[in-house]
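Visitor: Next input, structure requested:
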Amino acid sequence: MSGFCPPGIRLHTLFCGALLALVFALQPARADTAALDVLLQNTRASIPAGSPCPPQAEPLQQVLCRGKLRLGVRSKYAPFADQVNGRPEGFEIDLGAALANRLGVQPHYVQVTPANRIASLGEGRTDAVIATMGHTLQRDAEVRFVRPHYYQSETVVVGRSDLDLPDIDTVKGKTVCVAVGNNTNAELASHGARLMLFDSASQLVDQLRQGACSFAAQDNTFFAAYLNEPEFGARHHVKFSFAPLPWGIGVDQRQGALLAEALGLALQEMHASGQLLALAQAHGIETDFLQQQQRLWRSGPCAQAAGIHEAACMQQPHDNQLAQTAFAPWVSAFEAWCRERLGIKITLAMLKTRIALEFFLEGVAFSLALVCGAIASTWALALVFGGGLSSPHRWLRWPARTVLMAMQSTPLVLLMVFAEVLVGAVGANSSFIALAAAIVVLGLFNGSNAGQAIAEAHASLWAERGPTSLRPSLRQAMLRAKAQLLAFVVNATRGSPAASIIGVPELLSAQTDITSFASERATTYSLLLVFYMLVVSLVVWLGQRWERQQNARQAGLDA
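Guide: I've put the predicted structure just below:
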């Protein structure tokens, strides 16, 4: 039946889809059709007559009682789901309508995102989610997937045509734009990619067009329509693909067994009859997977109602399960305690999987090394600039003033970008080279300004003593300008997260990578804020202690 509308026949796809649906509707009833009818009849009989829908009823009972199936769907993801003139349209929208119709209820669409689609089930906002959600072993712990699957995709990395990126092993050090919640983000991060996060996949295309992203990763189904556009397709190509991923409908993990059974039987019908294939053809979607599924569900044990429970009939979920830490159960228990006892929802993703913990510890280590290096370079370069700016020799003063003017007129972020370009131009892309470059930039940016304060203190000391006296020492000038020097040291500490721009895997960069696959940002970035607050507070405390010691020493000398 998949050849009913061959490409050579010039029929409008929607008309072709309608013909297919009519043909399939005239086919004899199957065993799975009868099984679904019995399940729906028994479930309706279990609902008390003449009373409101029971609030604690099983989701299928709620759906049949309300006469409405609440479906979580995406937007701006054509041709699967989009908003057109204020109305949802797309393959998944039509699939949801067909499933609701088969259950004898009306569809009601709730907009969700990759970051909150699973949460919408637990919060009771949706009964089922049809939102381009890949079925992975990791997600099996969070949501119940309806079987069989209704589609399959794989992740592709798209980039500018003039850039070379042959496989996933070459992404180390490259910036790849991704959408929050994509299940393959962890795989990219583990191969050393520097991830830039966006809330929606549509933003990835905008960033590629504007040149803000050289590479972006997302499902091949998402990029297919854009790559067919003449302008976008001429400037961007698929670099490589990885991680084949079946898509599934999600229902509540704890209470959604009956609803999953009903939707599974309905999907089995749609696969076997070709109705699902017809919907895909009507929307111009790649159908290789659906053609294979149609053949599978029309013959042998898979054609029986029990086929949806047969392992041989099922597409296996993608194995992206991340290795757990030894203390992950205790972390999960602590999260649950905070949620139940304190009413606070926290997610300590960096402590539950080994790769996230590695990112976190590496980020802490690089951040501390960066702060120490920035403080040391700021202090050292402050003395260099202080000596140069206060030198009696022009050949020392003028170069120092030129560099100072450049530092004072250029934003720190732009200096970091310049350092990234410079490091990339010489082919030095290691994390330690990036760390050294960031330390130098932070030292120049803050040390030059601190050096100016030392030079001004030097001039004021000499003016107080008179021109015939001995020139003040640089140490004396530094002690007079110690408040300004400490201020720029603290400023260097605060500015250290900017090093993530040039590829230093410090804590901000690590937390970004963790967030990309953990789909939780509030707790992650709150911890980042607390970390830098503690680091800055420690630097301020040490600086104030040093300042008090110098004041006490000076008071002793004056006495």
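Visitor: Okay, now the sheet partners of the strand or helix carrying S153, with direction.
Guide: In this structure, S153 sits in strand 151-160 according to DSSP states H and E. Using DSSP bridges, the strands paired with strand 151-160 are strand 215-219 (antiparallel), strand 236-247 (antiparallel).
Visitor: For M416, find the nearest of the ones you listed.
Guide: The closest of the strands paired with strand 151-160 to M416 is strand 215-219. By C-beta to C-beta, the value is 20.0 Å. All C-beta atoms are positioned from the backbone trio N, CA, C, and that covers glycine.
Visitor: circling back to that earlier point, could you dump the strands paired with strand 151-160 to CSV with distance to A312?
Guide: Shown next, in CSV, are those (distance: least, C-beta to C-beta, whole Å):
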stretch, distance to A312
strand 215-219, 27
strand 236-247, 15
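Visitor: looking at those strands, which is closest to I501?
Guide: strand 215-219 (16.5 Å).
Visitor: ranges for the strands of the protein?
Guide: Counting by DSSP state E, one finds strands in the chain at the ranges 68-73, 82-84, 87-89, 106-111, 128-129, 144-145, 151-160, 175-179, 194-198, 215-219, 236-247, 250-251.
Visitor: Pull the residues that contact the strand holding S153.
Guide: 91, 132, 134, 165, 168, 171, 176, 182, 184, 208, 214-221, 223, 227, 235-247, 280, 285, 289-290, 315 (C-beta atoms under 8 Å, 6 or more residues apart in numbering).
Visitor: Output that strand in CSV with nothing but the alpha carbons.
Guide: The C-alpha trace of strand 151-160 is given here as CSV (Å, rounded to 0.1, in the frame of the first residue of the first chain):
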residue,chain,number,x,y,z
TYR,A,151,8.7,8.2,13.9
GLN,A,152,12.5,8.0,13.9
SER,A,153,15.2,10.6,13.3
GLU,A,154,18.9,11.1,13.9
THR,A,155,20.9,14.1,15.0
VAL,A,156,22.8,16.1,12.3
VAL,A,157,25.4,18.8,12.7
VAL,A,158,24.9,21.5,10.1
GLY,A,159,27.4,24.2,9.4
ARG,A,160,28.7,26.7,6.9
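Visitor: got the buried residues for that strand?
Guide: Y151, Q152, S153, T155, V156, V157, V158, G159, R160 (16 or more other C-beta atoms under 10 Å).
Visitor: Kindly report the same for stretch 415-433.
Guide: L415, M416, A419, E420, V423, S431, I433.
Visitor: Let me know the average pLDDT across that stretch.
Guide: Mean pLDDT, computed over stretch 415-433, is 76.
Visitor: what's the first-to-last distance across that stretch?
Guide: 16 Å (C-alpha to C-alpha, to the nearest Å).
Visitor: roughly how far is it from the heart of the chain?
Guide: Distance of stretch 415-433 from the chain centroid (C-alpha atoms, centre = their mean, to the nearest Å) equals 24 Å.
Visitor: Pick the most buried one from the strands paired with strand 151-160.
Guide: When these are scored by mean count of other C-beta atoms under 10 Å, the highest mean neighbour count falls to strand 215-219 (a mean of 26).
Visitor: tell me how far it is from the chain's mean position?
Guide: The answer for strand 215-219 is 11 Å, by C-alpha atoms, centre = their mean.
Visitor: So which residues make contact with it?
Guide: Counting by C-beta under 8 Å, 6+ apart, 132, 153-159, 163, 165, 171, 174-179, 182, 184-185, 188, 201, 204-205, 207-208, 239, 245 sit against strand 215-219.
Visitor: same question for it, mean pLDDT?
Guide: 92.
Visitor: again, but for stretch 165-172
Guide: Computed over stretch 165-172, the average pLDDT equals 90.
Visitor: neighbouring contacts of it?
Guide: 157, 159, 174, 187-188, 191-193, 215, 239-240, 242, 429.
Visitor: Same list (those) but as JSON lines, adding distance to T43.
Guide: Converted to JSON lines, the contacts of stretch 165-172 look like this (distance: C-beta to C-beta, whole Å):
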{"residue": "V157", "distance to T43": "45"}
{"residue": "G159", "distance to T43": "50"}
{"residue": "K174", "distance to T43": "52"}
{"residue": "E187", "distance to T43": "40"}
{"residue": "L188", "distance to T43": "43"}
{"residue": "H191", "distance to T43": "47"}
{"residue": "G192", "distance to T43": "51"}
{"residue": "A193", "distance to T43": "47"}
{"residue": "F215", "distance to T43": "48"}
{"residue": "K239", "distance to T43": "49"}
{"residue": "F240", "distance to T43": "47"}
{"residue": "F242", "distance to T43": "41"}
{"residue": "N429", "distance to T43": "59"}
